[in-house]
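# This is a predicted model, with the sequence first.
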Amino acid sequence: MVVFVCSPFGGKKENVTLAREYCRRETEIGNVPFAPHLLFPQFMSELTERGDAIHMGIEILERCDELHVWGGKVTSGMRSEILAAESCGIPVVMMED
């Protein structure tokens, strides 16, 4: 499956490290992960383009088989991704850290 990796970001380096680990774990179980917070910060500003990045992530989410929630506490950005998945009928799966 192609899965959308939903986990905390907030521009924090430790969250990038965790997102990489979540993607690795997804590949180990046979999924193709997409983590927008690993891609978009490479060319967009978290401070000034966060809304645009979330919008683009949701565009890709709509093409995914499932949304996988990692990292325990759900942030506001994660909540918008979860709500988007639910409104599109995309299954939301809570993953174990």
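That came in fine, so what should we check first?
# What's the separation between the residue nearest the centre of the chain and F40?
Geometric centre of the chain, nearest residue: C6, 2.9 Å, by CA atoms, centre = their mean. C6 sits 14 Å away from F40 when distances are taken as CB to CB, to the nearest Å. Placement of C-beta: from N, CA and C, glycine included.
# now swap in I60 and tell me
I60 sits at a distance of 10 Å from F40 (criterion: CB to CB).
# For stretch 47-67, buried residues please.
By neighbour count on 16 or more other CB atoms under 10 Å, the buried set for stretch 47-67 is R50, A53, I54, G57, I58, L61, C64, L67.
# What of stretch 82-91?
Buried-residue list, stretch 82-91, by 16+ other CB under 10 Å: I82, A84, A85, I90.
# hmm, which two among these are most spread apart?
The most widely separated members of those are I82 and I90, with 9.7 Å between them, by CB to CB.
# Mind listing the shared neighbours of those two?
Counting by CB atoms under 8 Å, 6 or more residues apart in numbering, the common neighbours of I82 and I90 are L67.
# how about the strands of the chain, start to end?
For the chain, applying DSSP state E gives strands covering 2-6, 32-34, 66-69, 92-94.
# Next, format these as JSON lines and append mean pLDDT and distance to T75.
Shown next, in JSON lines, are the strands of the chain (pLDDT from 0 to 100; distance: least, CB to CB, whole Å):
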{"stretch": "strand 2-6", "mean pLDDT": "98", "distance to T75": "9"}
{"stretch": "strand 32-34", "mean pLDDT": "98", "distance to T75": "18"}
{"stretch": "strand 66-69", "mean pLDDT": "98", "distance to T75": "11"}
{"stretch": "strand 92-94", "mean pLDDT": "98", "distance to T75": "15"}
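# Quick check: buried residues in the longest helix along the chain?
Identified as the longest helix of the chain according to DSSP state H is helix 13-28. For helix 13-28, a neighbour-count test (16+ other CB under 10 Å) marks N15, V16, L18, A19, Y22, C23, R25, E26 as buried.
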